[in-house]
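S.K.: Need a 3D model of the sequence below.
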Amino acid sequence: MIITRYITREILRPFALICGVLLLLMVSYSALVLLADAESNLVPGDLLVVLIISKTIAAFELFLPLALYITLLLGLGKLYSEQEISALQASGMSVFGLMKSLMPLIVSITILTAVVAIFVRPWAYDLRYSAKFQAQQTYDFEHLEEGYFYENKDSGQVYFVRGIDANNDIKQDIFIYQPKDEASQIIYAEEGFTKEGLDKLSPIMVFKNGSAYQLTKSDADTLIDFNKFTIEPKNKQIAPPSFKRKAAPTQYLASSIDKNEQAEFQWRVTSAFKALLLALIAILLAKTSPRQGRFGKLILGILFFFFIHASSLVMKAWMEQGVLSPMPGMWSVVIILLVFTAVLSKRYN
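M.R.: Residues are numbered from 1 along each chain as shown. Sure, this is the predicted structure:
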């Protein structure tokens with residue numbers, strides 16, 4: 001019992017640290033990707049936070065097995081290099097006894113991975129799609145920056161501002177393109193600014209000294225020169241997000257016969273099995289000699305982890321394309337890991 005607590009503690013502490021590092025990297029990466037997009041300047045800050053958090057939560061399906069795998073390689077590699085494992089083996093503990101000692105921790109993280117993959121990940125994707133839809137509906141036009149073309153890919157609207165008067169936030173030489181079903185509208189004005197609408201929610205854009213073009217399919221185009229012109233920026237409603245299988249409940253996917261939805265279902269249910277087997281493989285791979293040090297097999301082990309992850313992505317794509325049948329489908333990766341675990345285990349018989 002004392003040995004089990006000691007080994008678990010040696011693994012659990014770096015596991016929490018590695019999870020924290022992966023979390024920080026994911027949040028930083030997601031924030032940089034979003035903020036590097038000029039279009040994100042028009043998205044309210046609270047929705048940007050939701051987009052970043054939801055993307056990070058969904059990534060925990062990969063973070064947890066990866067953190068456990070790296071921790072086992074590092075932690076046991078340290079114990080091997082300091083010959084503490086050798087001392088335990090001399091007292092009668094085999095590598096399978098080591099597995100038994102670590103099994104409560106491994107099973108706990110495996111169950112957590114299953115919960116994330118089956119329930120939390122779909123919820124996070126649903127949150128992400130909803131936040132993205134809200135962001136497209138609530139662009140903050142006061143934050144237009146000069147010299148950028150802003151395109152709303154869903155509504156087709158395009159905005160461009162040549163300059164901005166920072167003192168009173170007046171846009172100079174502003175261009176707007178708004179497509180409609182029967183006619184498209186193009187507006188150019190020397191100046192433009194926003195003011196609060198009657199509902200105090202939707203801002204109204206006010207333009208001065210410019211021209212408005214209405215282009216129709218029947219060639220009945222209209223040109224208007226104006227001194228002052230106001231429009232609602234959300235002239236075209238964006239359709240709510242359609243069905244997304246990544247956000248679909250797992251119960252629904254389980255009964256689906258669609259190949260894409262079957263691939264998504266198998267991706268979720270095999271995540272926990274892959275996490276468990278990869279953890280056992282990490283224990284078997286962690287054995288190093290004092291000369292190799294604690295990092296002796298870390299690079300090789302990480303390459304193997306991402307090879308398995310890439311193989312899973314390929315299997316999923318093949319299922320979606322109909323190249324790979326649902327059985328064995330993505331269970332092929334689990335079978336490969338089982339065979340590899342059995343082969344490694346023979347070294348210790």
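
S.K.: Low-confidence regions, the stretch 151-300 of the chain specifically.
M.R.: Per-residue confidence for the stretch 151-300 of the chain (pLDDT under 70) gives these ranges: 152-155, 166-168, 181, 197-203, 232-242, 288-296.

S.K.: please redo it, this time with the cut-off set to 50
M.R.: Counting by pLDDT under 50, the ranges of the stretch 151-300 of the chain that qualify are 235-238.

S.K.: Strands along that one, start to end?
M.R.: With DSSP state E, counting those that start in this stretch as the definition, the stretch 151-300 of the chain shows strands at residue ranges 158-165, 170-178, 183-195, 204-216, 222-231.

S.K.: now the last one and strand 183-195, what's the angle there?
M.R.: Angle of strand 222-231 versus strand 183-195, following axes from the mean of the first three to the mean of the last three CA atoms, to 10 degrees, is 30 degrees.

S.K.: Identify the residues contacting strand 222-231?
M.R.: Contacts of strand 222-231 with the rest of the structure, by CB atoms under 8 Å, 6 or more residues apart in numbering, involve 176, 178, 187, 189, 204-214, 216. (Glycine included, C-beta is placed from N, CA and C.)

S.K.: hmm, which of these are the buried ones?
M.R.: The neighbour-count test (16 or more other CB atoms under 10 Å) marks I176, Q178, I187, A189, M205, V206, F207, G210, A212, Q214 as buried among the contacts of strand 222-231.

S.K.: List just the nearest of those residues to A310.
M.R.: Proximity of the buried ones among the contacts of strand 222-231 to A310 (CB to CB) peaks at Q178, which lies at 43.1 Å.

S.K.: My guess is the closest one contacts Y159. True?
M.R.: No: contact between Q178 and Y159 fails when scored by CB atoms under 8 Å: they sit 9.4 Å apart.

S.K.: farthest-separated two in the buried ones among the contacts of strand 222-231?
M.R.: Using CB to CB, the buried ones among the contacts of strand 222-231 span at most 18.8 Å, a distance reached by V206 and Q214.

S.K.: Off-centre distance for the helix or strand containing L74?
M.R.: For L74, the host element (DSSP states H and E) is helix 45-81. Distance of helix 45-81 from the chain centroid (CA atoms, centre = their mean, to the nearest Å) equals 12 Å.

S.K.: counting contacts, what elements does it pack onto?
M.R.: helix 2-36, helix 84-90, helix 95-115, helix 121-137, helix 259-285, helix 298-321 (3 or more CB pairs under 8 Å, 6 or more residues apart in numbering; DSSP states H and E).

S.K.: how far off helix 259-285 does the fourth one point, in degrees?
M.R.: The one in question is helix 121-137. Using the same axes, to 10 degrees: helix 121-137 against helix 259-285 is 120 degrees.

S.K.: Now helix 121-137: average pLDDT?
M.R.: Across helix 121-137, pLDDT averages out at 81.

S.K.: next one: that helix to chain centre, how far?
M.R.: For helix 121-137, the distance to the chain centre is 12 Å (CA atoms, centre = their mean).

S.K.: Give the buried residues for it.
M.R.: Neighbour counts over helix 121-137 (16+ other CB under 10 Å) mark 121-122, 124-133, 135-137 as buried.

S.K.: CSV please, covering the helices and strands packed on helix 45-81 and showing distance to L62.
M.R.: Output for the helices and strands packed on helix 45-81, formatted as CSV (distance: least, CB to CB, whole Å):
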stretch, distance to L62
helix 2-36, 9
helix 84-90, 29
helix 95-115, 9
helix 121-137, 10
helix 259-285, 9
helix 298-321, 7
